[in-house]
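Visitor: give me coordinates for this.
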Amino acid sequence: MVWVVTGASGFLGYHMCKYLLKKRARVRGVDLAAFEYDMPKVEFYQSDIRDAQLMQRVCRGADVVMHGAAALPRWPGDKIWDVNLNGTKTMLEAAATAGVKHFIFISTTAVYGIPKKHPIYETDPLTGVGPYGESKVAAERACEKYRDRMVVSILRPKTFVGTVRLGVFSVLFDWLYRGKKLPVIGNGENRYQLLDVDDLVEAIYLMSKLAPKKANDVYNVGATEFGTINSHMQTLLDYRGMGRLVHFPAGPVKLALRVLDKLHLSPLYPWAYDTLDKDHFVSVDKLVKLGWKPKLTSEQALLESYKWYEKHRDKIIDSKGVTHTTQWDQGVLRWFRDLFF
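Guide: Numbers count the residues shown, from 1 in each chain. Now for the predicted structure:
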């Protein structure tokens with residue numbers, strides 16, 4: 001079987017390519033960034049997914065396209081919309097024109113916004129927060145229009161973690177590594193759900209094996225076992241054997257973070273801080289009924305991600321950027337880390 005993986009150089013792309021090679025699939029990877037992993041069997045195209053002609057050539061002869069490439073929340077709003085919507089439209093048309101039978105779109109649970117009702121089901125309203133969430137909603141709508149030409153699976157994963165994951169988690173992991181106190185917005189008793197990246201990869205691969213009627217649908221993906229923000233943080237602290245949680249009132253902290261965000265002095269974006277004091281978890285019953293079962297709990301997934309960071313910290317300390325596989329500049333948060341925590 002021939003797979004096209006967009007966003008191949010990123011966090012999910014790395015794990016997806018590695019998994020597919022183990023399944024003896026032929027893999028074509030696409031990404032703007034260089035493919036710096038030791039996978040010589042991946043046929044890699046360092047290119048923009050908005051290059052319609054090249055994407056048609058890449059898709060020719062492929063059985064499945066997994067479209068995971070996206071502009072992330074810290075990118076400029078206009079670029080997020082262009083990549084996430086127009087890039088998705090380009091990939092959909094390229095795949096359909098090339099005769100691809102199955103297109104798997106990686107969306108996000110950010111399309112649900114911050115609802116008051118939980119768990120969140122696939123049929124609940126889509127009210128994306130900010131350019132990232134809103135553009136993903138629009139991209140899903142574009143996907144739906146191609147279901148008369150090929151099978152289109154839409155997966156909405158919770159925030160996923162695992163080996164190679166940095167990004168916003170690099171801030172948390174840095175504070176933890178240094179033995180600092182870990183700040184918590186609110187009382188920390190809100191339930192929060194993450195997802196191990198390898199469990200997500202299993203869900204993606206499952207889509208390719210389903211009958212078209214079942215695959216041509218939308219599925220939430222998240223850990224089936226998860227606790228509170230406090231339980232996630234305490235799991236990390238117990239492992240490190242140092243540090244403690246410090247709780248702050250949500251209103252003033254979020255106001256301060258919003259101001260810092262507007263001034264470009266903090267790496268934390270609205271979705272990151274607006275959800276941290278609220279319940280946010282989805283139902284995955286629909287996916288579980290198909291036979292999918294995650295191997296890790298939410299807390300275990302976060303801890304395994306930190307363990308990888310701890311082991312590789314010396315090698316990645318200088319990897320700066322705005323992607324999930326680079327360390328984010330902490331801005332003024334570094335001052336708070338050193339002066340107050």
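
Visitor: got a list of what the closest residue to Phe281 other than its chain neighbours touches?
Guide: Leaving aside its chain neighbours, Phe281 sits nearest to Gln193 (3.8 Å; criterion: Cβ to Cβ, 6 or more residues apart in numbering). Any C-beta I mention is one placed from the backbone N, CA and C, and that applies to glycine too. Applying Cβ atoms under 8 Å, 6 or more residues apart in numbering, we find Gln193 in contact with 158, 222-223, 226, 280-282, 298.

Visitor: which one of these is nearest to Lys320?
Guide: Lys158 (26.3 Å; Cβ to Cβ).

Visitor: please parse the chain into its domains.
Guide: The chain breaks down by automatic domain parsing into domains covering 2-161+193-221, 169-192+226-279+299-340.

Visitor: which of these sits most buried?
Guide: domain 2-161+193-221 (a mean of 20; mean count of other Cβ atoms under 10 Å).

Visitor: circling back: could the contacts of Gln193 go into CSV alongside distance to Tyr306 and pLDDT?
Guide: Shown next, in CSV, are the contacts of Gln193 (distance: Cβ to Cβ, whole Å; pLDDT from 0 to 100):
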residue, distance to Tyr306, pLDDT
Lys158, 17, 97
Gly222, 19, 98
Ala223, 16, 98
Phe226, 16, 97
His280, 21, 93
Phe281, 21, 96
Val282, 23, 97
Ser298, 13, 98
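
Visitor: what is the end-to-end distance of stretch 161-168?
Guide: 11 Å (Cα to Cα, to the nearest Å).

Visitor: contact partners of it?
Guide: Contacts of stretch 161-168 (Cβ under 8 Å, 6+ apart): 11, 14-15, 72, 169, 173, 194-198, 267-268, 272, 301-302, 304-305, 308-309, 316, 319, 323-328.

Visitor: surely Arg50 and Val83 touch.
Guide: Yes - using Cβ atoms under 8 Å, Arg50 makes contact with Val83 at a distance of 7.2 Å.

Visitor: which helix runs longest in this structure?
Guide: The longest helix of the chain (DSSP state H) is helix 298-316.

Visitor: after that helix, which helix or strand is next?
Guide: helix 333-340 (DSSP states H and E).

Visitor: list of residues touching that next one?
Guide: Helix 333-340 is contacted from outside by 171, 174-175, 178, 180, 266-268, 330, using Cβ under 8 Å, 6+ apart.

Visitor: Met66 falls within a strand, correct?
Guide: Yes - read with DSSP: H, G, I helix; E, B strand; the rest coil, Met66 is one of the residues of a strand.

Visitor: name the helices or strands packed onto the lowest-mean-pLDDT helix or strand in the chain?
Guide: In the chain, no helix or strand scores lower on mean pLDDT, DSSP states H and E than helix 270-274, which sits at a mean of 83. Contacts defined by 3 or more Cβ pairs under 8 Å, 6 or more residues apart in numbering; DSSP states H and E place helix 270-274 against helix 130-144, helix 250-262.
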